[in-house]
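[1] fold the following for me, if possible:
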Amino acid sequence: MNSRAAPITLALITIAAVAAILVWSTRPRTPSATPTRPEPPVTPSDIDKGPPRLAVLSPALAVMLSDLGVGPSIVARHGYDMVLDKSIPSCGDQSGIDYESLLSVRPTHVFIEWGSRPLPDRLVELSKSHAWNVRAFTLLSLDDVTRSLTDLSAALKDSGVDVSANSSALASALNDSMRPRAGLDRLGSVLMLMSVRPPAALGPGSFHHEILTRLGAVAALTKPSPYVELDAEDVRHLAPGVIVLITPRGTGAAPVAKDTPDARRALLGPLSSLDIPAVRLDRVIVIDDPLSLLPTTRLADFAKQIGDQLEALARSQ
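    Next up, the predicted model:
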């Protein structure tokens, strides 16, 4: 197969996908390296004993915290956030943190997804002088999602907010959504695409691939790489029995037209002319959920959608 594995991590895939979804939304403010005026040190005794004030610098963590029921405690958001009210101040993104905005919201906690990089020195300094509880999270796999749920729950409990019951319920729902479905092997291999121009596939190492295999489907890609750029000939050679096209619509946008064979073929673009089982038999599943590329608790909805549709196709055999 003439595949070319892109040398990027799944974390960068998620950030790139979120940026594409939000191309028409308000851009984040330009980060400021330092506050405009000196801030006096804060000791733990100075901190408000009321509810926690959460600065959430990760679109995925914002979804999970909202699902945990603590959305009203969030006082700062990531520049590409997808679920929080736009009136909540944006305090930066993966390219940098807006420290002036962050200081202005007076957080008690800063939850951040920063990849493998060390935390910015300025953030570490401010966390010490203002007694911020800074927690860095990694979200690359399904295990990372459930582990983050536990860690978020523990951090909130330390500040007097007990969401352990919600955390357990969300973890159970995520696990249940990926129960094996009978007969999926009869469909042949399943190719998961996140674009068609060029064809870009989600393979082993991505949480999407994990979901597919837990459901009991046969993955078209086996070479370990979370993101693989293909061409039409590669797809023809793979000859998938099913194509799952993940094409997130913008937040608040109308659902993608996908209810007829012609609509599904239109979404496949140049791949619709290939003589492969997925096209001949109209086995194309389109997922347009805005959050479908984020590693969050909403993956339970994503897994259920794919599982239900694959199971329906298998029954029709």
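
[2] contacts and neighbour counts: CA atoms only from here.
    OK.

[3] which parts of stretch 132-148 are buried?
    Going by neighbour count (16 or more other Cα atoms under 10 Å), the buried part of stretch 132-148 is 132, 134, 136-137, 139-142, 144-148.

[4] same question for stretch 197-217.
    By neighbour count on 16+ other Cα under 10 Å, the buried set for stretch 197-217 is 199-217.

[5] which ones among these are found in helices?
    Under the assignment DSSP state H, those contribute 207-214 to helices.

[6] closest one to Val284 out of the residues you listed, please.
    Leu212 (14.7 Å; Cα to Cα).

[7] now tell me what touches stretch 112-122 from outside.
    Identification of contacts with stretch 112-122 by Cα atoms under 8 Å, 6 or more residues apart in numbering yields 11, 56-58, 61, 94, 134-139.

[8] which two among those residues are spaced furthest apart?
    Taking Cα to Cα, no two of the contacts of stretch 112-122 sit farther apart than Ala11 and Val134, at 19.9 Å.

[9] ok, which stretches of the stretch 201-317 of the chain are strands?
    Per DSSP state E, counting those that start in this stretch, the stretch 201-317 of the chain carries strands over the ranges 218-219, 227-229, 242-246, 284-287.

[10] what's the last one packed up against?
    Judged by 3 or more Cα pairs under 8 Å, 6 or more residues apart in numbering; DSSP states H and E, the packing partners of strand 284-287 are strand 242-246, helix 261-268, helix 299-315.

[11] for the top strand by length along the chain, packing partners?
    Looking across the chain with DSSP state E, the single longest strand is strand 189-196. Counting contacts by 3+ Cα pairs under 8 Å, 6+ apart, strand 189-196 packs against strand 199-202, strand 218-219, strand 242-246.

[12] select, out of those, the one closest to Leu170.
    strand 242-246 (23.0 Å).

[13] give me the below-cutoff pLDDT ranges for the chain.
    Under the criterion pLDDT under 70, the flagged ranges of the chain are 1-49.

[14] rerun at 50
    Residues of the chain that meet the criterion pLDDT under 50 lie in 1-48.

[15] domain ranges for it, per the record?
    What automatic domain parsing lists as the domains of the chain is 10-176, 180-315.

[16] just name the most buried of those domains.
    domain 180-315 (a mean of 19; mean count of other Cα atoms under 10 Å).

[17] how about the helices of the protein, start to end?
    Assigned by DSSP H, the helices in the chain fall at 10-21, 59-68, 99-104, 121-129, 142-158, 164-177, 207-214, 232-238, 261-268, 277-280, 299-315.

[18] can you add distance to Met192 and give those helices back as TSV?
    Output for these, formatted as TSV (distance: least, Cα to Cα, whole Å):
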stretch	distance to Met192
helix 10-21	14
helix 59-68	21
helix 99-104	38
helix 121-129	38
helix 142-158	17
helix 164-177	18
helix 207-214	8
helix 232-238	11
helix 261-268	12
helix 277-280	12
helix 299-315	11
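
[19] which one of those lies nearest to Pro226?
    Closest among the helices of the chain, once you apply Cα to Cα, is helix 10-21, at 6.1 Å.

[20] who touches stretch 209-216?
    Stretch 209-216 has contacts (Cα under 8 Å, 6+ apart) with 142, 178-182, 184-185, 192, 202-204, 218-219, 226, 303, 307.

[21] from the chain's centroid, how far away is that stretch?
    17 Å (Cα atoms, centre = their mean, to the nearest Å).

[22] do the same with stretch 280-287
    Taking the mean of its C-alpha atoms, stretch 280-287 sits 23 Å from the chain's own mean (Cα atoms, centre = their mean).

[23] start and end of it, how far apart?
    Using Cα to Cα, to the nearest Å, the end-to-end distance of stretch 280-287 comes to 20 Å.

[24] what's in contact with it?
    By Cα under 8 Å, 6+ apart, stretch 280-287 touches 241-248, 258, 261, 264, 277-278, 302, 305-306, 309, 313.

[25] on that earlier part again, okay if I get the helices and strands packed on strand 189-196 as TSV plus distance to His109?
    Compiled in TSV, the helices and strands packed on strand 189-196 are given as follows (distance: least, Cα to Cα, whole Å):
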stretch	distance to His109
strand 199-202	34
strand 218-219	40
strand 242-246	34
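
[26] what's in contact with stretch 289-299?
    Residues contacting stretch 289-299 (Cα under 8 Å, 6+ apart): 14, 17-18, 21, 59-61, 63-64, 67, 82, 139-142, 145, 170-171, 174, 207, 246-251, 302.

[27] please apply the same query to stretch 172-187.
    The set of residues external to stretch 172-187 that reach it, using Cα under 8 Å, 6+ apart, is 211, 214-218, 241-242, 297, 299-301, 303-304, 307, 310-311, 313-315, 317.
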